[in-house]
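Trainee: need the 3D shape of this:
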Amino acid sequence: MRPGLLALRSYARPGDSVVVVALARLGRSAAEVAQTVADLATRGITLRCLQNGLDTATAAGRVVAEVLSDLAALDAVHHTETAHRA
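Mentor: Numbering: from 1, shown residues only. Prediction:
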């Protein structure tokens, strides 16, 4: 994990808002981004992404974040299944 991201996750408190230019700044893989988004949500920290307008302070933003998390999990399962076939 990037040192700056680790510091942000340690520093942020419930009620804070994290603003990022792009979701890709939250991790090096889809699974890591999804984990970071889920961690922030669990801790009561909202997320705003400037590139795509995601805002987890809204109901729609929370749904989109959940779908992104589910897609990352599906991608991880797909990669595992593909590796087992090889």
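Trainee: host element of the most centrally placed residue in the chain?
Mentor: Among the residues of the chain, the one closest to the centroid is residue 37, at 2.8 Å (Cα atoms, centre = their mean). Per DSSP states H and E: residue 37 is located in helix 30-42.
Trainee: now that helix: average pLDDT?
Mentor: If you average the pLDDT over helix 30-42, you get 88.
Trainee: what helices and strands are in contact with that helix?
Mentor: helix 3-11, strand 46-49, helix 59-85 (3 or more Cβ pairs under 8 Å, 6 or more residues apart in numbering; DSSP states H and E). Every C-beta, even on glycine, is put in place using the N, C-alpha and C of the backbone.
Trainee: so what's residue 47 up against?
Mentor: 17-20, 37, 40-41, 54-56, 61, 65 (Cβ atoms under 8 Å, 6 or more residues apart in numbering).
Trainee: are any of those buried, and if so which?
Mentor: If you count burial by 16 or more other Cβ atoms under 10 Å, the buried members of these come out as 18, 20, 37, 40-41, 54-56, 61, 65.
Trainee: just flag the most distant two among the residues you listed.
Mentor: Spatial extent of these (Cβ to Cβ) is set by the pair 20 and 41 at 14.2 Å.
Trainee: where does the prediction get shaky in this protein?
Mentor: Judged by pLDDT under 70, the chain has its weakly predicted residues at 86.
Trainee: this completes my enquiry, with thanks.
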